[in-house]
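**Q** Sequence first, then the predicted structure:
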Amino acid sequence: MDWLFRTSSIIIIGGTFAITYVLIFLYQRRMKEVTLLELGSVFFSSSSIVGGLKLIFTTFKLLNENQIESDKLYIIYGGFCVIYISASSLYKKIKQPNILS
């Protein structure tokens, strides 16, 4: 599972989601054009989902250490918040893209 949390893997996952997003909507002819802002939004949202998972799993790995004993709950909650916000952003992008008029 450690391979998933390397920086190169996070970049590859974000790039894969962004390219897939563009290809699907260009194939369905649902977009006027692909802007860099939309592409960046999809890239960072999908990368943030993996980053939130990394935050949660890293906190569980450090469960036996006393360094962050009082902050574990807040760090895990923060990881879930990052995942939720990123997933909802991706869902909105996929559900309502820049539709052709």
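**A** Sure, I can see it.
**Q** what's the distance between the helix or strand of the chain with the lowest mean pLDDT and the middle of its chain?
**A** Sorted by mean pLDDT, DSSP states H and E, the helices and strands of the chain end with helix 7-27, the least confident at a mean of 77. Using CA atoms, centre = their mean, to the nearest Å, the distance from the centre of helix 7-27 to the centre of the chain it belongs to is 11 Å.
**Q** What count of nearby residues applies to residue 53?
**A** Other residues near residue 53 come to 18 when the count uses other CB atoms under 10 Å. The way it works is simple: take the backbone N, C-alpha and C, and place the C-beta from them, glycine included.
**Q** My read is that it contacts residue 83, right?
**A** Yes: Residue 53 lies in contact with residue 83 (CB atoms under 8 Å); the separation is 6.8 Å.
**Q** still on that earlier bit, packing partners of the least confident helix or strand of the chain?
**A** Here helix 7-27 is seen to pack against helix 36-61, helix 72-95 when contacts are counted using 3 or more CB pairs under 8 Å, 6 or more residues apart in numbering; DSSP states H and E.
**Q** Low-confidence ranges, the protein, go.
**A** Low-confidence segments of the chain, defined by pLDDT under 70: 1-7, 28-34, 63-69, 96-101.
**Q** quick one: contacts for the closest residue to residue 94 other than its chain neighbours?
**A** Beyond its immediate neighbours in the sequence, the residue positioned closest to residue 94 (CB to CB, 6 or more residues apart in numbering) is residue 21, lying 7.2 Å away. Taking CB atoms under 8 Å, 6 or more residues apart in numbering as the definition of contact, the neighbours of residue 21 are 38-39, 42, 93-94.
**Q** For residue 17, find the nearest of the helices and strands packed on helix 7-27.
**A** helix 36-61 (3.6 Å; CB to CB).
**Q** Next, the angle from the closest one to helix 72-95.
**A** Relative orientation of helix 36-61 with respect to helix 72-95: 150 degrees, computed using axes from the mean of the first three to the mean of the last three CA atoms, to 10 degrees.
**Q** Show me which positions of helix 36-61 end up buried.
**A** Using 16 or more other CB atoms under 10 Å as the test for burial, helix 36-61 gives 38, 41-57, 59.
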